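Enquirer: Let me see the structure of the following:
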Amino acid sequence: MIKQVNTLIKYSFLITAFLFFSDFALGQDKKLIDKIIAQVGSEIILMSDVETEYNYFKSQNQTVNDDTKCMILEQIMAQKLLIDQARLDSIEVPEDQVESQLDMRMEGVLRKMGGDEVLFRQYYGKSVAEMKDIYRDDIKNNLMAETMQQKLLDDINITPSEVTEFFERIPADSLPYFNSEVELAQIITSPQVNESEKLRALEKIKNVKTQLESGEPFENLAKKYSDDPGSSSKGGDLGWVKRGTFVPKFEATAYTLKKNEVSDIVETEYGYHIIQLLERRGNTIHTRHILVKPRITSEDLKTAEKKLDSVRKMIIADSMTFEAAVKKFSDPKSMSYSNNGRMTNPASQTTFFQMNELQPDVYFSIENLKEGSVTEVMETTNEMGEVRFQIIKLMTKTEPHRANISQDYSKIQSYAKNSKKNEYINKWVENKIKTAYLRVDGVYKDTCPNIKKWLALNDN
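Expert: Numbers count the residues shown, from 1 in each chain. Below you'll find the predicted structure:
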């Protein structure tokens, strides 16, 4: 909303997310011998550190110019100040936290490669374990910087008077114009499969099992019979995944199998499976499966829709609150369930949606509703394309307006707190520069105006 621009340093208090975390960076060779271009306290900065980030910027089609490397170096130096202070304060990062971060990032790369560690080695020239060793110190340093920064900012709070002062400093002609926003709550339900359809699916999977036992190739039967659209065309192959990826019943069976062993029929919430373990490496497994799903019939859909409509009528008649209906009837796996039905905007991670962020069917269903009203039952689908039904309550709605303290207090409070954090971390960095050991070599020292300001502050 309002930018608190420091005359010396323009940092975000989220500066520690800047380094070492792109798949592109994982593909860069770390050089055992590299030119040192700067030192901050006990921390050194290599030319390759700047070049790697610069190349990543370019790979993301971001605008780069003569000042980009200067900006990157300054960001790295600011992070090094935090790391240096963390070491002085004896801040420790648990090893399991470092390993968790490494696992998460390597698994992200492997997922894009279908879990193929051979392809990983061919692409990067190193094994997963070797890449972890290369980037372990970078991950640990980044976590130390984040921990140090959090320690500095933990006690930053904002009072109502500070929020008001912050807002009043914004020139009237600079106040943002907010589009219409809504807060929504939902009850979402799934149709239940009838018993006769369950029996049909069970008989089908039994027939598949019989064919397997008579020698039919697993992959052929998966292509022919499996109802899993993501794996059937690949012969049921689910790739390499880590423990915790599959639903518990599936996983409990998969991890008990021996290499190439085929399971008995396993029932999960998705239907009936036959699982084959292809290979296992510690907590990572490579499996394939054949899935037969009981079908949802048109009668099942009508039953679910009618049931939710009856819930809607109870809410309208005030015989049940919306919040109570959420706990009794809504899908416990839905993201809104644990928040009394309130929907979260995935873009902002708040409960506010601009009208143009809503799906068309939701937009038109609430467009003319009054606050507190509930929509008719609407059909929707989940990420797997399965039919669901929902009703939505319009909790709050604002008309398009200029920002004001009465309607937008929570937003202004958040902006004010972030501004205060920025001011604090900027001041901390500025003071730290004055006392830290600082050395910059080569072209950056002579050509980067921002680095010259650091050196001027440090010139005691």
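Enquirer: any idea how this protein splits into domains?
Expert: What automatic domain parsing lists as the domains of the chain is 15-163+410-458, 180-192+297-399, 195-292.
Enquirer: Show me the shaky parts of the chain.
Expert: Residue ranges of the chain with pLDDT under 70: 1-33, 61, 460.
Enquirer: Strands along that one, start to end?
Expert: With DSSP state E as the criterion, the chain has strands at 36-40, 43-46, 177-178, 181-189, 237-242, 266-268, 271-281, 284-292, 352-354, 378-381, 387-398, 401-402, 438-440.
Enquirer: tell me what the third one is packed against?
Expert: Translated: strand 177-178. strand 401-402 (3 or more CB pairs under 8 Å, 6 or more residues apart in numbering; DSSP states H and E). From N, CA and C alone the C-beta is placed, and that goes for glycine too.
Enquirer: List the contacts of the strand it packs on.
Expert: Strand 401-402 is touched from outside by L175, P176, Y177, F178, Q407, with contacts defined as CB atoms under 8 Å, 6 or more residues apart in numbering.
Enquirer: Any idea how far it is from the middle of the chain?
Expert: Computed by CA atoms, centre = their mean, to the nearest Å, the chain-centroid distance of strand 401-402 equals 31 Å.
Enquirer: Name every strand pairing with it and say which way it goes.
Expert: Taking DSSP bridges as the criterion, strand 401-402 forms sheet pairs with strand 177-178 (antiparallel).
Enquirer: what about the strand it pairs with, distance to the chain center?
Expert: Distance of strand 177-178 from the chain centroid (CA atoms, centre = their mean) equals 27 Å.
Enquirer: coming back round to it: adding mean neighbour count, write the strands of the chain out as CSV.
Expert: Listed next are the strands of the chain as CSV, based on neighbours: other CB atoms under 10 Å:
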stretch, mean neighbour count
strand 36-40, 20
strand 43-46, 18
strand 177-178, 13
strand 181-189, 23
strand 237-242, 20
strand 266-268, 16
strand 271-281, 20
strand 284-292, 24
strand 352-354, 19
strand 378-381, 14
strand 387-398, 19
strand 401-402, 12
strand 438-440, 19
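Enquirer: Of all those strands, which one is nearest T253?
Expert: Nearest to T253 among those is strand 266-268; the distance by CB to CB comes to 5.0 Å.
Enquirer: chain center to that closest one: distance?
Expert: 29 Å.
Enquirer: who touches that strand?
Expert: V247, K249, F250, T253, Y272, H273, I274, I275.
Enquirer: who's in contact with K206?
Expert: Neighbour list for K206: I265 [criterion: CB under 8 Å, 6+ apart].
Enquirer: so how far is E181 from the residue nearest the centre of the chain?
Expert: Nearest to the mean C-alpha position of the chain, by CA atoms, centre = their mean, lies P346 at 9.5 Å. Noted for P346: a distance of 15 Å to E181, by CB to CB, to the nearest Å.
Enquirer: re the thing from before, output the contacts of strand 401-402 as JSON lines; include the columns distance to P400.
Expert: Formatted as JSON lines, these follow (distance: CB to CB, whole Å):
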{"residue": "L175", "distance to P400": "13"}
{"residue": "P176", "distance to P400": "11"}
{"residue": "Y177", "distance to P400": "7"}
{"residue": "F178", "distance to P400": "7"}
{"residue": "Q407", "distance to P400": "11"}
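Enquirer: I'd like to know which of those residues is nearest to I139.
Expert: Using CB to CB, P176 comes nearest to I139 of the contacts of strand 401-402, at 37.3 Å.
Enquirer: how much space between the closest one and W240?
Expert: Taking CB to CB, one finds P176 at 47 Å from W240.
Enquirer: cool, E269 as well?
Expert: 23 Å.
Enquirer: Can I get stretch 267-278 in CSV, CA atoms only?
Expert: What follows is stretch 267-278, C-alpha atoms only, in CSV (Å, rounded to 0.1, in the frame of the first residue of the first chain):
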residue,chain,number,x,y,z
GLU,A,267,-10.0,-51.8,-0.7
THR,A,268,-9.5,-48.1,-0.1
GLU,A,269,-11.7,-45.0,-0.4
TYR,A,270,-10.9,-45.0,-4.2
GLY,A,271,-12.1,-48.5,-4.9
TYR,A,272,-10.4,-51.9,-5.2
HIS,A,273,-6.7,-52.3,-6.0
ILE,A,274,-4.2,-55.0,-6.9
ILE,A,275,-0.7,-53.7,-6.1
GLN,A,276,2.7,-54.9,-7.3
LEU,A,277,5.9,-53.8,-5.7
LEU,A,278,8.6,-53.3,-8.4
